[in-house]
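Visitor: Need coordinates for the following:
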Amino acid sequence: MQDNPMLRGLSALRDAWLQASAEPAHRLLVWRLPANASRLLAAFFEMQRHDEGRDTPDYFLRIDTAYELGFRYSRQIKCDLLERYLASQDELREQQVPLGWRGPHEAHADSAKGVVDVLESFVEHHREQMRLLAAVLEPERCVPGEGFERWVEAALAAGPGPRLRLVLIDSQEQPRWQSLLDRLGDKAGLITAEVDLFSIARDTAAQSGGRGPEVLYRQLMADMMLLIERGTPAQVAARAERAQGLALRQGWQEQQSVVQMMLAGSWLKYGDHAQAINAYRQARSAAEGARVAGNAAAPELVMQSWFGEAGCWLAAKQHERAAQTYLQASTSAASIPHPMFTLEGQRMAGWCQLQAGQREAARTHLLEAVRTAKPLSPADRKATTLPQALWDLLLLQDTRRCEKLQEVSAHYLQASMLLLEKADAQARALGPLPPRAALDRIDAQLDGALEQSFHRAQQERERVIQGGDEFFRKIVAVGRDFLDPGWNGLPAIEHPLDHDIPVWSEPPAMQPLPDPAALLQPAPASPVTPATTTGVALA
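Guide: Sure, this is the predicted structure:
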């Protein structure tokens, strides 16, 4: 296989894994790499699944089951494993892997030990196809608290055999599993490797071969990426000047814009707002030229330059200038058209005006953001910042009432966490092999208590909403029309069992609200003051 920087990075991961996994006492291994290397690690795991790329004798089983509490997590892992095994039968046959693994069954308890036993049975059945099974635990969602760490410790206490490793992933920037490593001592090991995606990108560009302006440009861009991460703005600017000159000579106007926006990001990172704003304006000038020439990517670049400049004014705490620039960004987005960013520009303009003490201007822009969402589908609305725009309007109208809504949410979250911790403790008290019937009773009691807590929170929030003035209640009505029939502010309180309203255990708390139609009528046109394109004055 041809050698290149990416393959060398993957080889470094392989060597680090083989060295760390050779220590028999380490049944838990924690990968700790730079955050930008996460995709490279994912590629390494994927390679080991396929014969043509596999260069270790081990099988990496990635488990992304969400963690809520121990016995539910264990139960779901077993279900997911069985589903995946049954779905992969054809692929296994093609690889001539013997089938017939029995999978999870009634003897495997809903506990960490039960999961370990299932994994051990998988290793035993496929012992001829692997040296080790690495179960990579990557919960897509994990409730706050120490529950997941307790589950991992219980799994290790269950005594994984010599051919099973539990694997966790964190980063050098956020070493979230360090306390677990400290507690487990000799049972756990750390895996590190000298890999960095920015360096790999730079080396790839430098070794890509060939000649011509395209090759040189790729190298300069890779240099800029690395310097933005590790260098100074002056170093980035020097590379940007070379890349800009090359793009200018070649007539690549859209690339001139890209270079300037990268440079702007570097200035902004180091707090030089004036330089960043000038760079975003240079980027916009190049993008406008590309748009006139018919470049398809240019309108998006123009829009990005407006949003970038607006963010600089905001970072400099020049809120009114930021508001005007966000309005320009919204207008630019509307010309594409791009409804999501049209809405976001109006919303941010309103938020900035609110910070500047311009309450009526803030209300005008926030309402315009809401109107922008009207023609969108419910699914598309939820993908925008419409919920935040509505919440900003509620805050503008009655800050104290919004604080009460947030207090209800905080109390609900705290109550839910206590209920989960109680259920988890009850399950742990049953030992490593808890009877299924006893867990079912705990499960049912937990669901009932969570639903009761949810309905109490809904009722309390509704009382707070109904006590608001007409405008406040109309904004909530828009949320229920545009987003969800039960919308009652931020943070959202979701049904704990994900049930739709028709099957809630108690009637919905929502009461009639005023008709918000008048708020959704188009506002009178008002001129947008263009942001200046020369001269940056920062207080």
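Visitor: Strands of the stretch 51-200 of the chain, residue ranges please.
Guide: Under the criterion DSSP state E, counting those that start in this stretch, the stretch 51-200 of the chain contains strands at 59-63, 133-137, 164-171, 188-191.
Visitor: Just send those back as JSON lines, with mean neighbour count and distance to M224 too.
Guide: No exception for glycine: its C-beta is placed from N, CA and C like everyone else's. Below are these laid out as JSON lines (neighbours: other C-beta atoms under 10 Å; distance: least, C-beta to C-beta, whole Å):
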{"stretch": "strand 59-63", "mean neighbour count": "18", "distance to M224": "33"}
{"stretch": "strand 133-137", "mean neighbour count": "22", "distance to M224": "34"}
{"stretch": "strand 164-171", "mean neighbour count": "20", "distance to M224": "23"}
{"stretch": "strand 188-191", "mean neighbour count": "19", "distance to M224": "31"}
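Visitor: Helix or strand: which one has P337?
Guide: Using DSSP states H and E, P337 is not contained in any helix or strand.
Visitor: That one: what's it in contact with?
Guide: Residues counted as contacts of P337 (C-beta atoms under 8 Å, 6 or more residues apart in numbering): none.
Visitor: Following the chain onward from the host helix or strand of D380, which element is next?
Guide: Assigned by DSSP H and E, D380 falls within helix 378-382. Next along the chain after helix 378-382, taking DSSP H and E as the criterion, comes helix 386-397.
Visitor: For stretch 58-66, give the mean pLDDT please.
Guide: Here stretch 58-66 scores 95 as its mean pLDDT.
Visitor: First-to-last residue distance for it?
Guide: Taking C-alpha to C-alpha, to the nearest Å, the first and last residues of stretch 58-66 lie 25 Å apart.
Visitor: So what touches the helix holding D380?
Guide: Contacts for helix 378-382 (C-beta under 8 Å, 6+ apart): P339, M340, A373, F482, L483.
Visitor: cutoff 7 Å now
Guide: With contact meaning C-beta atoms under 7 Å, 6 or more residues apart in numbering, helix 378-382 is reached by A373, F482, L483.
Visitor: Surely L354 is within a strand?
Guide: No - counting by DSSP: H, G, I helix; E, B strand; the rest coil, L354 falls outside a strand, being helix.
Visitor: correct me, but R347 touches A369?
Guide: Yes - between R347 and A369 there is a contact at 4.2 Å, judged by C-beta atoms under 7 Å.
Visitor: okay, and the common contacts of the two?
Guide: Going by C-beta under 7 Å, 6+ apart, residues that sit against R347 and also against A369 are A389.
Visitor: so what are the domain limits for this protein?
Guide: 5-195, 197-316, 404-429+438-509 (automatic domain parsing).
Visitor: Burial-wise, tell me which of those domains comes out on top.
Guide: Highest mean neighbour count of the domains of the chain: domain 197-316, a mean of 19 (counted as mean count of other C-beta atoms under 10 Å).
Visitor: Span of that domain from start to end?
Guide: Using C-alpha to C-alpha, the two ends of domain 197-316 sit 31 Å apart.
Visitor: likewise stretch 20-29?
Guide: 8 Å.
Visitor: which residues make contact with it from outside it?
Guide: Residues contacting stretch 20-29 (C-beta under 7 Å, 6+ apart): 58, 132, 152, 156, 160, 162, 165-167, 184, 186-189, 191.
Visitor: Relative to Y73, which of the contacts of helix 378-382 is nearest.
Guide: Nearest to Y73 among those: L483, at 30.4 Å, using C-beta to C-beta.
Visitor: And the closest one, how far from A423?
Guide: Using C-beta to C-beta, to the nearest Å, L483 is found at 31 Å from A423.
Visitor: for A154, same thing?
Guide: 15 Å.
Visitor: and what of H455?
Guide: H455 is 19 Å from A423, by C-beta to C-beta.
Visitor: How about L18?
Guide: For L18, the distance to A423 - C-beta to C-beta - is 41 Å.
Visitor: Which parts of the stretch 151-300 of the chain are helices?
Guide: 178-184, 197-206, 213-230, 233-250, 253-269, 273-292, 298-315 (DSSP state H, counting those that start in this stretch).
Visitor: and those helices, which one's lowest on average pLDDT?
Guide: Mean pLDDT is lowest for helix 197-206 among those, at a mean of 68.
Visitor: So which of the helices of the stretch 151-300 of the chain is nearest E360?
Guide: That would be, of these and by C-beta to C-beta, helix 298-315, which comes in at 20.3 Å.
Visitor: CA atoms only for the closest one - export them in PDB, please.
Guide: The C-alpha coordinates for helix 298-315 follow below in PDB (Å, rounded to 0.1, in the frame of the first residue of the first chain):
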ATOM      1  CA  ALA A 298     -20.000  33.400  -4.300                       C
ATOM      2  CA  PRO A 299     -23.400  34.300  -2.700                       C
ATOM      3  CA  GLU A 300     -22.700  32.000   0.200                       C
ATOM      4  CA  LEU A 301     -19.300  33.600   0.700                       C
ATOM      5  CA  VAL A 302     -20.800  37.000   0.600                       C
ATOM      6  CA  MET A 303     -23.300  36.000   3.300                       C
ATOM      7  CA  GLN A 304     -20.500  34.300   5.400                       C
ATOM      8  CA  SER A 305     -18.400  37.500   5.300                       C
ATOM      9  CA  TRP A 306     -21.300  39.600   6.700                       C
ATOM     10  CA  PHE A 307     -21.900  37.100   9.500                       C
ATOM     11  CA  GLY A 308     -18.200  37.000  10.200                       C
ATOM     12  CA  GLU A 309     -17.900  40.800  10.400                       C
ATOM     13  CA  ALA A 310     -21.000  41.000  12.600                       C
ATOM     14  CA  GLY A 311     -19.400  38.500  15.000                       C
ATOM     15  CA  CYS A 312     -16.400  40.700  15.200                       C
ATOM     16  CA  TRP A 313     -18.400  43.800  16.100                       C
ATOM     17  CA  LEU A 314     -20.200  41.600  18.700                       C
ATOM     18  CA  ALA A 315     -16.900  40.400  20.200                       C
END
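Visitor: all numbers from here: first residue = 32
Guide: Got it, first residue is 32 now, which makes that one helix 329-346.
Visitor: Kindly calculate the angle that that helix makes with helix 304-323.
Guide: When axes from the mean of the first three to the mean of the last three C-alpha atoms, to 10 degrees is applied, the directions of helix 329-346 and helix 304-323 differ by 170 degrees.
Visitor: tell me the angle helix 329-346 makes with helix 284-300.
Guide: Going by the same axes, to 10 degrees, helix 329-346 makes 10 degrees with helix 284-300.
Visitor: hmm, who's touching whichever helix or strand comes after helix 329-346?
Guide: Downstream of helix 329-346, the next assigned helix or strand under DSSP H and E is helix 350-365. With C-beta under 7 Å, 6+ apart as the test, helix 350-365 has contacts from 333-334, 337-338, 340-341, 344-345, 372-373, 376-377, 379-380, 383-384, 386-387, 559-562.
Visitor: tell me the mean pLDDT over helix 350-365?
Guide: pLDDT averaged over helix 350-365 gives 98.
Visitor: For that helix, buried residues please.
Guide: Neighbour counts over helix 350-365 (16 or more other C-beta atoms under 10 Å) mark 350-365 as buried.
Visitor: what separates it from the chain centre, distance-wise?
Guide: Taking C-alpha atoms, centre = their mean, to the nearest Å, one finds helix 350-365 lying 26 Å from the centre of the chain it belongs to.
Visitor: can you pull the contacts of V154?
Guide: Applying C-beta under 7 Å, 6+ apart to V154 gives the contacts L164, R194, L195.
Visitor: at 8 Å instead, please
Guide: Neighbour list for V154: M161, L163, L164, G192, R194, L195 [criterion: C-beta under 8 Å, 6+ apart].
Visitor: In those, find the pair that's most separated.
Guide: By the measure C-beta to C-beta, M161 and G192 form the most distant pair in the contacts of V154, at 12.8 Å.
Visitor: Tell me the pLDDT of the residue nearest to G131 when sequence neighbours are not counted.
Guide: Once flanking residues are discounted, G131 sits nearest to H156: 7.2 Å by C-beta to C-beta, 6 or more residues apart in numbering. pLDDT recorded at H156 is 91.
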